[in-house]
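A.B. asks: Whatever this is, show me its structure:
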Amino acid sequence: MSLSAVHGTLSSLKSCQADIGTGMDIVTDVAMDLAETQDQGDNPGIKEMEAMILECAKLDREINHFVDIVQQVTSEVNTQQQPEAMFSLSAKVKEQFTERIARLSDAELQSHPKVVAFMDSMKNSLNQANQESVENTEELDEDIAVTQSQVNFTCPLTQVEMVNPMKNKKCNHHYDEAAILGLIKAKQGQKKKCRCPVVGCGNTDVRQSDLIPDQMLRRKIQSQKRHSSRT
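C.D. replies: Down below sits the predicted model:
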């Protein structure tokens, strides 16, 4: 196997990771639907969704480690070396991967961004359901609500409605995923820290690890779009 074939395989794995992320978003949506319509406390369906999210997070983590190890091992290979040198790569990757996975703890999965988003979504869904059961008022002022939503749904970078809102754990501000990741990458290329783009925010070091997908906000944005299309 050539190095170009290895790189092609890694590219396929990264595409697979994107599909895993999409699947985790879908699982979170289903769990939120269950939480909004049933009792969350003892709901076996939600427990199954949580277990599924953790399994996906585990697979995503393993792919990350595998890709990292393959890249490290192949970077040490001189392209001018004899073909037989390639045969030892597979064993080396397998050995290092096995050792690294053995050191991992399932408890670490709780810090996976998609798992954090799932747990936050479940908590918010339960709080919302409890609030609605106490305050059974509907459509207090739809015009004001829509105006407020439009402000909250606007990305401070693109100035348009967010598609995949990300919440910053440090300052609690939201940005569209593509926009904020693009800004972080650009700043890294300039060897600079990324400042939160919200005017007046004192957070001067926004990092990708600080960002959590906000599934509740994404659902609200989608709900408003459906409402707007009907009206």
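A.B. asks: buried set for stretch 90-107?
C.D. replies: Within stretch 90-107, the residues that qualify as buried by neighbour count (16 or more other Cβ atoms under 10 Å) are 92-93, 96-97. Glycine gets a C-beta too; all of them are placed from N, C-alpha and C.
A.B. asks: need the residues you listed in CSV with secondary structure, can you?
C.D. replies: Converted to CSV, the buried residues of stretch 90-107 look like this (DSSP: H, G, I helix; E, B strand; the rest coil):
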residue, secondary structure
92, helix
93, helix
96, helix
97, helix
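A.B. asks: Residue 45 and residue 32, how far apart?
C.D. replies: From residue 45 across to residue 32, the span is 11 Å (Cβ to Cβ, to the nearest Å).
A.B. asks: Domain ranges for this structure, per the record?
C.D. replies: Per the record, the chain has its domains at 1-136, 139-231, by automatic domain parsing.
A.B. asks: What ranges does this protein have for its strands?
C.D. replies: 165-168, 174-176, 211-213 (DSSP state E).
A.B. asks: Not counting sequence-adjacent ones, nearest residue to residue 10?
C.D. replies: residue 67 (5.5 Å; Cβ to Cβ, 6 or more residues apart in numbering).
A.B. asks: hang on, the one you found packs against residue 12?
C.D. replies: No: counting by Cβ atoms under 8 Å, residue 67 does not reach residue 12; the two are 10.6 Å apart.
A.B. asks: neighbour-wise, which of the two wins?
C.D. replies: More neighbours surround residue 67 than the other of residue 67 and residue 12, with 16 against 10 (other Cβ atoms under 10 Å).
A.B. asks: confidence score at the more buried one?
C.D. replies: Residue 67 carries a pLDDT value of 91.
A.B. asks: for it, what are its contacts?
C.D. replies: Shown in contact with residue 67 (Cβ atoms under 8 Å, 6 or more residues apart in numbering): 10, 13-14.
A.B. asks: ranking the residues you listed by neighbours, who comes first?
C.D. replies: Highest neighbour count within the contacts of residue 67: residue 10, with 16 neighbours (other Cβ under 10 Å).
A.B. asks: right, and it touches residue 72 too?
C.D. replies: No: using Cβ under 8 Å, residue 10 is not in contact with residue 72; the gap is 11.9 Å.
A.B. asks: and residue 55, how many neighbours does it have?
C.D. replies: When counting by other Cβ under 10 Å, one arrives at 13 neighbours for residue 55.
A.B. asks: just the one 3 residues further on next, same as before
C.D. replies: The tally of other residues near residue 58 (other Cβ under 10 Å) stands at 17.
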